[in-house]
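**Student:** 3D, please:
(one chain, ligands or ions: 1)
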Amino acid sequence: MSVLIDPYEEAKKQLRETVELLGLGEDVYEALAVPERLVQVRIPVRMDDGTVKTFIGWRSQHNSALGPYKGGIRYHPDTTANEVIALSMWMTWKCSLAGLPYGGGKGGVRVDPKKLSIKELERLSRGYFAAISEIVGEDLDIPAPDVYTNPQVMAWYLDEYSKIKRGFYFGVVTGKPVELGGLMTRVISTGLGTAITAKEAAKRVLGGVEGRTVAVQGFGNVGYYAALFLEEMGARVVAVSDSRGGIFNPDGLHIPDVMEFKNKTGTVVGYPKAQRHVSNEEILELKVDVLVPSAIENVITKSNAKNVKAKVISEGANGPTTVEAEKILTEMGVVIVPDILANAGGVIMSHIEWVNNRMGGWITEEEARRKLEERMMNSFNNVWKFWESKLDQKKHNLRAAAYAVAVDRVVKAMKLKGVL
Ligand code: NAD
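**Tutor:** Okay, here's the model as predicted:
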């Protein structure tokens, strides 16, 4: 399903288009197209059988005009330096758009974590963090979980860093376990944000989300909570899927009930109260009002875009719509809430966790959620206003507006500092 595309080339193309749209010069493009720093590290790990295996990892620090670098660390067998650079650039835009005092960073280790024992994973995690310990810090670069890393990995990072620096630095990573300064609200934050942006777009395009039909591809952390909150907001979630396939019921699915089934069986497929099975290709083309792709990248391409019936797409996943597909959808009048806006809830909650850590723990879970909702609404309104007032909506989708708002803020900060 996914198309082989170099993510760094894509990220540079998006930057090029935005620089042109804002009427900025080549100097701006050049200053933003390359990361401020890219570090590659070698991580030797003693395996359980006594041998030593060497892994390779990166940390890309794309831009720090707005504050310390922020972005997750992924463990994946296909991770490359280019992927990490692209992801760090996208983090710069995501943090800027959300109005956070952060720049963009991202890390990656080329490893298949499923092939490691828990002890090997711990040694790898401590080795990687020790190797990048000189360039991370509470006021310098603040990592978080990403693909195949989780609160446990963050706890090892925190412990390793605290030993090296001889002190307790809670704010050096976010997405930590609650016992070590994390927030319970982190788990719902991205999906809740995606649901809020879907609702706001539906309000403007369809007159409201109440009673509207929704399909969600990917029933993981983001997709589950997006579906759950959209259901709570009064929408009818008629289809959801995971890597094994999807289910459909025109009368609406009961999301907590579907999750209970998935927890027992490992998949949504076979859920007894569904009317029929749908494939992961079909779920994108169902006759629904709102589509929420929340699984993987490049699923809406030039070959299936014209079959999409939804009028609103809220991108829970990173990069689910290709550039060519977006052109087709824009001509069809489909409104796409782009990933850097729709799935920013996670990094917004990370910021709340970081502030909370640095203030010695003052926030309640209710306040954290309210602050997240407020910030998502502000970002959405800023982007919508820019789109309506400054762009030709038949030619540009919301993504162009989101990029313009985000890049403009970074460029202004660089100019104020005299970097540009
Ligand atoms: P997850 O692993 O919890 O869930 C992913 C879901 O997608 C699973 O249900 C899996 O079965 C399903 N899936 C995998 N391959 C699929 C396929 N080919 N077709 C359909 N479904 C498939 O992951 P997640 O944290 O929910 O992340 C999902 C997406 O959201 C990713 O693109 C991620 O980068 C993005 N994202 C996540 C967060 C976050 O806070 N978790 C924040 C921002 C962006």
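**Student:** Looking at the stretch 201-350 of the chain, which residue is nearest the ligand?
**Tutor:** Residue of the stretch 201-350 of the chain nearest the ligand, by C-beta to the nearest ligand atom: Gly220 (1.6 Å). Where C-beta positions appear, they are placed from N, C-alpha and C, glycine not excepted.
**Student:** So which bits of the stretch 51-200 of the chain are right by the ligand?
**Tutor:** Thr190 (C-beta under 6 Å from any ligand atom).
**Student:** hey, where'd the helices end up in the stretch 51-200 of the chain?
**Tutor:** For the stretch 51-200 of the chain, helices defined by DSSP state H, counting those that start in this stretch occupy the ranges 81-97, 118-131, 151-165, 186-206.
**Student:** Show me what stretch 31-47 is in contact with.
**Tutor:** 12, 15, 19, 52-64, 81, 84-85, 88-89, 92, 109, 120, 123-124, 127-128, 131-132, 135, 407, 410-411, 414, 419-420 (C-beta atoms under 8 Å, 6 or more residues apart in numbering).
**Student:** Got phi/psi on Thr185?
**Tutor:** Main-chain torsions, Thr185, degrees, to the nearest 10: phi -60, psi -20.
**Student:** Could you do Ile135 as well?
**Tutor:** phi -110, psi 0.
**Student:** what's the answer for Ile313, then?
**Tutor:** phi -120, psi 130.
**Student:** I'd like the domain boundaries of the protein, if you could list them.
**Tutor:** Domain ranges of the chain: 35-177, 187-342, per automatic domain parsing.
**Student:** how far is the first one from where the chain is centred?
**Tutor:** Distance, stretch centre to chain centre, for domain 35-177: 16 Å (C-alpha atoms, centre = their mean, to the nearest Å).
**Student:** Can you list the residue ranges for strands in the protein?
**Tutor:** For the chain, the strands defined by DSSP state E cover 37-46, 52-63, 69-76, 103-110, 141-145, 213-217, 236-242, 245-248, 276-278, 290-293, 312-314, 335-337.
**Student:** May I have the first one as CSV, with CA atoms only?
**Tutor:** Going back to what we said before, that points to strand 37-46. Output of strand 37-46 as CSV, limited to C-alpha atoms (Å, rounded to 0.1, in the frame of the first residue of the first chain):
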residue,chain,number,x,y,z
ARG,A,37,22.9,19.6,13.6
LEU,A,38,22.8,15.9,12.7
VAL,A,39,24.5,13.5,15.0
GLN,A,40,25.2,9.8,14.2
VAL,A,41,26.1,7.4,17.0
ARG,A,42,27.4,3.9,17.2
ILE,A,43,25.7,1.8,19.9
PRO,A,44,27.5,-1.4,20.9
VAL,A,45,25.1,-3.7,22.8
ARG,A,46,26.0,-6.8,24.8
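**Student:** Adding mean neighbour count and mean pLDDT, write the domains of the chain out as JSON lines.
**Tutor:** Output for the domains of the chain, formatted as JSON lines (neighbours: other C-beta atoms under 10 Å; pLDDT from 0 to 100):
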{"stretch": "domain 35-177", "mean neighbour count": "20", "mean pLDDT": "97"}
{"stretch": "domain 187-342", "mean neighbour count": "21", "mean pLDDT": "97"}
